[in-house]
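Asker: Sequence and predicted structure below; questions after.
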Amino acid sequence: MRFRPRPNRRTFLLHCATSFAGVCLGPRVQAAESVTLGSWETVEFPGRPPKSRRLMKINASNGAAGYSRACATDLKNAAAAAGDANLLDHGALWERLRAAGVPKSEIATLDIAAWDLHARMLGKPLHSLLGTKRTKVLRYGDVRGQQPGFAPQAYADGVARYLERTGLRATKLHFPGAMGTPESVPFATVLDTLRAVRRAVGADAILAWDPYPGSAESATPSVDEAKQILALMDELGYAWIEGPLPPVPFETQIPKYAELVKSGAKLRIQAEGPGSPVGDGTGFDDMKRWTDAGAITQCSTDAYIHTGVTNCLRILEYARAHPPLVVNLHWAWAPHAHLAMASDEATMPLVEFPMGEDVPKEFMSGPWLLAPDWPGIYRIDGGQERG
């Protein structure tokens, strides 16, 4: 379906730009004029990397278009629920889709596409529309080690080589926790590995630990052992830990996490683990529950996994109002790269290094992720899209 732009579009865009002049990260928009969903389709951009070549394209009632990675294969439920909702009133649209029980993947796809559309209409990158706070942010890498045959010193030497080869100043460690499962390592091995890595990389490298993989995706099931791990990581100058204990069930694990936070740990504590709604795709309500209980000082989320940019914005806004909570977005996908530039260092100190599918490699300079400079969220180039 195609639409002709409205005659007063220029005036409309100027009104939109004015309405955003005082907006920081608030997801609710008071638009001067309503722009509704006309149609949607999946398109392919031949010039993009294979994993991000297929996008969802939405066409608005004024002829504007917006894009999102196709988290959902179609938008039939989201489109039905959206009805005549204003695509530029992002908070209201998001709440409407959630209230209608639209699947998360469809909410995420339409929400991201609506933000992309909005920024394209203004001819701005998303971070500029939200209010750019910085033009580069330090990124961190990822070094994985797992069973069988896991050896602390060999892994530590690999981490040192990785930092030297990439020029990164920070990295997250992915090695198994002491969970008593086939994928686990002994508790003593956890401590030995944390020490060995710090010795191998020196005092200046920024380090964090995210236990991995599978059934070893928490540090330990023991509160006492978790406290020992946190004390050692503090002594060694680690920045954060993801999943010191299993996070589920919430009723029993939130009080245990709160005990760890109250123990005086200086590093940031994030809840994460298999089978839990907190982790890479945390929703706003779950994040708030854990934060209000004093059980975490860091959370992670993902626009693709959990209901789009608006969910991330709400978490970022909450974190800024509730220090010392820090947000660690999962990977630096294109939506997250913009959100990082619209966030201050206190709220989002680093970003997980981009995988290169959403963010062109020229926007990664040594240890830095650089601000996107194209309109919208995604850089759409490399030829015409194909339906």
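Answerer: Arrived safely. Numbering: from 1, shown residues only.

Asker: any idea where the helices of the stretch 151-300 of the chain begin and end?
Answerer: 152-166, 187-201, 223-236, 250-262, 284-292 (DSSP state H, counting those that start in this stretch).

Asker: any idea of the angle the fourth one forms with helix 223-236?
Answerer: Orientation note: helix 250-262 sits at an angle of 40 degrees relative to helix 223-236 (axes from the mean of the first three to the mean of the last three Cα atoms, to 10 degrees).

Asker: for the residue nearest to the spatial centre of the chain, what are its contacts?
Answerer: In the chain, the centroid-proximal residue (Cα atoms, centre = their mean) is Leu329; its distance is 2.6 Å. Residues near Leu329 by Cβ atoms under 8 Å, 6 or more residues apart in numbering: Ser300, Thr301, Asp302, Ala303, Cys312, His336, Leu339, Ala340, Met348, Val351, Glu352. The way it works is simple: take the backbone N, C-alpha and C, and place the C-beta from them, glycine included.

Asker: which of those residues count as buried?
Answerer: Ser300, Thr301, Asp302, Ala303, Cys312, His336, Leu339, Ala340, Met348, Val351, Glu352 (16 or more other Cβ atoms under 10 Å).

Asker: nearest residue to the fourth one other than its sequence neighbours?
Answerer: Right, Ala303. Pro335 (4.2 Å; Cβ to Cβ, 6 or more residues apart in numbering).

Asker: residues near that neighbour, how many?
Answerer: 26 (other Cβ atoms under 10 Å).

Asker: and the helix or strand containing it, what does it pack onto?
Answerer: Using DSSP states H and E, Pro335 falls within helix 334-341. If contacts are counted by 3 or more Cβ pairs under 8 Å, 6 or more residues apart in numbering; DSSP states H and E, helix 334-341 sits against helix 126-130, helix 308-321, strand 351-352.

Asker: which one of those is the most hemmed in?
Answerer: Neighbour counts (mean count of other Cβ atoms under 10 Å) averaged over each of the helices and strands packed on helix 334-341 peak at strand 351-352, with a mean of 26.

Asker: chain center to the helix or strand following that one, what's the gap?
Answerer: Once strand 351-352 ends, the next helix or strand along the chain (criterion: DSSP H and E) is strand 364-365. Chain-centre distance of strand 364-365: 19 Å, with Cα atoms, centre = their mean, to the nearest Å.

Asker: who does the very next helix or strand once past strand 364-365 pair up with?
Answerer: Counting by DSSP H and E, the element after strand 364-365 in chain order, helix or strand, is strand 368-370. With DSSP bridges as the test, strand 368-370 is paired with strand 136-144 (antiparallel), strand 364-365 (antiparallel).
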